[in-house]
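Enquirer: Any chance you could fold what I've pasted below:
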Amino acid sequence: MTQTAADMVSAAKAQIREINVVEAKALLDGKAVFVDVREPPEWKDGTVPGALCIPRGVLEWRAESEEPLKDRSVRVVVYCKGGGRSALAAQTLQQLGFSNVSSLAGGFEAWAGNGKK
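Expert: Reported below is the predicted structural model:
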């Protein structure tokens with residue numbers, strides 16, 4: 001059966017935990033590692049303070065080499081522009097053995113819409 005990208009995102013969201021902006025804000029100040037999986041041109045729109053910027057296309061390779069991600073039990077919050085890529089990225093990190101991963105519901109658009117840009 002052929003799947004669409006939307007189908008894949010829906011399936012990923014069924015297997016991951018999503019958190020909202022209020023929950024994510026509570027994890028700032030070192031309580032979690034934030035990972036921005038958008039592409040470099042998108043970072044000009046801003047990032048969550050202190051976030052690691054790792055494009056989705058290289059996440060599998062970079063996740064293992066980034067110092068803040070060496071401990072696979074660390075709390076990780078993944079985000080993209082709207083929440084689709086981050087859901088897939090969260091699923092991937094879980095498959096790589098990360099045990100405490102969340103995706104930011106609504107992505108950076110939700111974050112910026114709450115005055116956090």
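Enquirer: Does the spatially most central residue of the chain belong to a helix, a strand or coil?
Expert: Geometric centre of the chain, nearest residue: V78, 1.2 Å, by C-alpha atoms, centre = their mean. Taken by DSSP: H, G, I helix; E, B strand; the rest coil, the conformation at V78 corresponds to strand.
Enquirer: Wait, it touches A90, no?
Expert: Yes: using C-beta atoms under 8 Å, V78 makes contact with A90 at a distance of 4.9 Å. For every residue, glycine as well, the C-beta is placed using N, CA and C.
Enquirer: okay, and the common contacts of these two?
Expert: Listed as contacting both V78 and A90 by C-beta atoms under 8 Å, 6 or more residues apart in numbering are V101, S102, S103.
Enquirer: how deep is the last one tucked in, by neighbour count?
Expert: S103: 31 surrounding residues under other C-beta atoms under 10 Å.
Enquirer: Repeat that for the first one.
Expert: When neighbours are counted by other C-beta under 10 Å, V101 registers 24.
Enquirer: Out of the shared contacts of V78 and A90, which is nearest to I19?
Expert: Ranked by distance to I19 (C-beta to C-beta), the shared contacts of V78 and A90 are led by S102 at 4.6 Å.
Enquirer: Could I get the phi/psi values of the closest one?
Expert: Main-chain dihedrals, S102, degrees, to the nearest 10: phi -130, psi 160.
Enquirer: got JSON lines for the shared contacts of V78 and A90, with distance to E64 and pLDDT too?
Expert: Shown next, in JSON lines, are the shared contacts of V78 and A90 (distance: C-beta to C-beta, whole Å; pLDDT from 0 to 100):
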{"residue": "V101", "distance to E64": "14", "pLDDT": "98"}
{"residue": "S102", "distance to E64": "20", "pLDDT": "98"}
{"residue": "S103", "distance to E64": "20", "pLDDT": "98"}
